[in-house]
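[1] This is a predicted model, with the sequence first.
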Amino acid sequence: MFRYVKGGIAVSGKLFYGDNLAILREQIASASVDLVYLDPPFNSNATYNVLFKAPDGVQSQAQIEAFDDTWHWSESAENAYWEVLHGANSDAALMLESMRKFLGENDMMAYLAMMAVRLIELHRVLKPTGSLYLHCDPTASHYLKILLDAVFGATNFGNEIVWKRQNSKGLAFTRFAKNHDVILRYTKSDKWKWNPQYTDHNESYIKSFYKYRDQDGRIYRLADLTNPNKNRPNLTYEFLGVERVWRWTRERMHAAYDAGLIVQNKPGQVPALKRYLDEQEGNPVDDVWIDVAPVQAQAQERLGYPTQKPVALLERIVSASSNPGDVVLDPFCGCGTTVHAAQKLGRNWIGIDVTHLAISLIERRLRDAFGTDADFVTIGVPKDLAAARDLAARDKHEFEKWAITLIPDAQPFRGGKKGADTGIDGVVYMRTEKNRTDKAIVEVKGGGVSVDQIHKLKSVIEREKALAGIFVTLLPPTKPMIAEAAAAGFADTAFGRIPRIQILTVEGLLDHREFARLPAIDSSSFKKAPKEKQPGQEGFDF
């Protein structure tokens, strides 16, 4: 067993399921976080989904609803607005009140009210040396910037970063194409952690300026040693027969010359300084980022999440504003790119999301990338029978979506959306032969069970021409149910016979005593995250 180690520091993480506002207030201590990154959803009139593919590579009809990014003025928005107005941050209250007078009670105002109350909590949990990066699009960035000025103080505004997220396309005939996001960086005080970031020099620049090579094969360029400020008597002197106003003192010039760093090709020529290419850090990163490519359709890291950000983008942010061992927080962690980057760079991390699907996806992503022993804990998701019963009592629909995640490679039917009962809660796609894809139907019950439910599942299997049916139950099955499932017989596959109807209990699945008996497929419905470096390679230790 190993723990992921970077710079000698063991990394651990906490993954929370639930409303980030409640978790911030109840679970995250004040001044305990070094860096916050958030990419909150906003109205694009679209539902953000995680897409899954059947084993043959064709996108399945099911789309897993991670979250719906539509915001409406409702009781929740009104409560958030009220909390800000009656809270301790009077500047935020005044700003939010002014925005409501201007915008009225619409979707944008609902979004801003829900964000304001969370930004106040994020400010609280940040350390005095901490930074916050808020990722958004130009639709709402101007409102969010004003809101952040009120919460963090206008003097703590750091940058408005422009990230080119795609190549120009579409609608360019009526306006300039929209192809960038905005990332707003704020700090909690006037003293913050900062590690400058650099990009490599481009090839044309190297060819134009780094024209020389020393006897050891090191490439260098010649740099000016004179001082642009001509009124410096203390730096005016003769050096190698040339009098100028120099950049350095006489002592430093002679030391550099003795070290072989100063070149004078002929007497009387102004000496120049050797600058070796391998000693240059590169070009400092500015606030326009065009060098980080978005996650394209064929990218290896793509998991199918439409709003997925590239790991390289988060690596830059995490590297710039935190150090190994620091704590990185993402309260809208989605498919987990922030926590992936934090884990990779040796930071401790906290991720929060409001859907069981996102939590399950992140767990899978981290284990695929860092190994099954990646050191993190999941909080808020049922881990035992008592917690499963509690979830079923509180929210039947969420219980069903969670229980489906107990079956490897299962995906909620029709995105897990509420609707008429079709007898199908989930689907598992399987490649049973080289050019054939089959499926198993998953049905979940969190309440009373009877043999009639097995009869119904049998009918659904026949109607859907499915290979098998899996009945997941919170309560123990009755003897007639077990007998009826056994009477359904077996399905023959190239991998052997499997029961047509399988009854599995939540308790047995949680304890790993029970499992779905399905063909051993080598192509998962869930795309795997690329594996990071293995133990013994850079970044890991035993």
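    Okay, I see it.
[2] can you pull out the helices in the stretch 51-200 of the chain?
    Ranges of helices in the stretch 51-200 of the chain, per DSSP state H, counting those that start in this stretch, are 75-85, 90-103, 107-125, 141-152.
[3] I'd like the average pLDDT over the longest one.
    Right, the one you point to is helix 107-125. Helix 107-125 shows a mean pLDDT of 95.
[4] now that helix against helix 90-103, angle please.
    Between helix 107-125 and helix 90-103, the angle comes out at 170 degrees (axes from the mean of the first three to the mean of the last three Cα atoms, to 10 degrees).
[5] re the thing from before, make a markdown table out of the helices of the stretch 51-200 of the chain and add distance to Leu361.
    The way it works is simple: take the backbone N, C-alpha and C, and place the C-beta from them, glycine included. As requested, these are exported to a markdown table (distance: least, Cβ to Cβ, whole Å):
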| stretch | distance to Leu361 |
| --- | --- |
| helix 75-85 | 25 |
| helix 90-103 | 33 |
| helix 107-125 | 22 |
| helix 141-152 | 26 |
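[6] among the ones you listed, which is the most enclosed?
    The highest mean neighbour count among the helices of the stretch 51-200 of the chain, using mean count of other Cβ atoms under 10 Å, belongs to helix 107-125: a mean of 22.
[7] ok, now how distant is the residue nearest the centre of the chain from Thr174?
    Among the residues of the chain, the one closest to the centroid is Thr337, at 2.3 Å (Cα atoms, centre = their mean). Here the criterion is Cβ to Cβ, to the nearest Å. By it, Thr337 lies 33 Å from Thr174.
[8] Which neighbouring residues are in contact with the nearest residue to Glu464 once chain neighbours are set aside, exactly?
    Spatial nearest neighbour of Glu464, chain neighbours left out: Ile441 (6.1 Å); criterion: Cβ to Cβ, 6 or more residues apart in numbering. Ile441 makes contact with Gly423, Ile424, Gly426, Val427, Leu457, Val460, Ile461, Glu464, Ala466, Ala468, Gly469, Ile470, according to Cβ atoms under 8 Å, 6 or more residues apart in numbering.
[9] Pairing-wise in the sheet, spell out the partners of the fourth one.
    Translated: Val427. Gln411, Ile441 (DSSP bridges).
[10] Around it, count how many other residues there are.
    When neighbours are counted by other Cβ atoms under 10 Å, Val427 registers 25.
[11] what residue ranges in the stretch 401-542 of the chain score low on pLDDT?
    Of all residues in the stretch 401-542 of the chain, those with pLDDT under 70 make up the ranges 415-421, 434, 520-527, 533-542.
[12] Let me see the ranges of the helices in it.
    Under DSSP H, counting those that start in this stretch, the stretch 401-542 of the chain gives helices at 451-464, 479-487, 506-510.
[13] cool, and the stretch 201-350 of the chain?
    203-209, 250-258, 311-321, 337-344.
[14] Dump these to TSV, plus mean pLDDT.
    Shown next, in TSV, are the helices of the stretch 201-350 of the chain (pLDDT from 0 to 100):
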stretch	mean pLDDT
helix 203-209	84
helix 250-258	95
helix 311-321	96
helix 337-344	95
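[15] out of those helices, deepest packed?
    Highest mean neighbour count among those (mean count of other Cβ under 10 Å): helix 337-344, a mean of 27.
[16] Residues contacting it, please?
    4, 6, 11, 13, 15, 37, 308-311, 313-315, 317-318, 328, 330, 333, 348-349, 351, 362, 365-366, 369-370, 374, 376, 529, 532, 539.
[17] what do you get for stretch 229-244?
    Contact with stretch 229-244 is made by 225-227, 245-250, 253-254, 257, 262, 264, 267-271, as judged by Cβ under 8 Å, 6+ apart.
[18] if you set the cut-off to 7 Å instead, what comes out?
    If you take Cβ atoms under 7 Å, 6 or more residues apart in numbering as the criterion, stretch 229-244 is touched by Thr226, Asn227, Val245, Trp246, Thr249, Arg250, Met253, Gln264, Pro267, Gly268, Val270, Pro271.
[19] So what pairs up with the closest residue to the first one other than its chain neighbours in the strands?
    Meaning Thr226. Counting by Cβ to Cβ, 6+ apart, Thr226 lies nearest to Arg244, which is 5.0 Å off, once chain neighbours are set aside. Arg244 forms beta bridges with Tyr237, as assigned by DSSP bridges.
[20] Can you give me the pLDDT of Arg244?
    94.
[21] What's the local residue count around it?
    Arg244: 16 surrounding residues under other Cβ under 10 Å.
[22] And it, how far from Glu251?
    According to Cβ to Cβ, Arg244 and Glu251 sit 16 Å apart.
[23] mind saving the C-alpha coords of stretch 139-148 as CSV?
    Below are the C-alpha coordinates for stretch 139-148, written out as CSV (Å, rounded to 0.1, in the frame of the first residue of the first chain):
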residue,chain,number,x,y,z
THR,A,139,-22.3,36.4,-19.3
ALA,A,140,-22.0,36.9,-15.5
SER,A,141,-18.3,37.8,-15.0
HIS,A,142,-19.0,41.6,-14.6
TYR,A,143,-21.6,41.0,-11.9
LEU,A,144,-19.5,38.4,-10.1
LYS,A,145,-16.5,40.8,-10.1
ILE,A,146,-18.5,43.5,-8.4
LEU,A,147,-19.8,40.9,-5.9
LEU,A,148,-16.2,39.7,-5.2
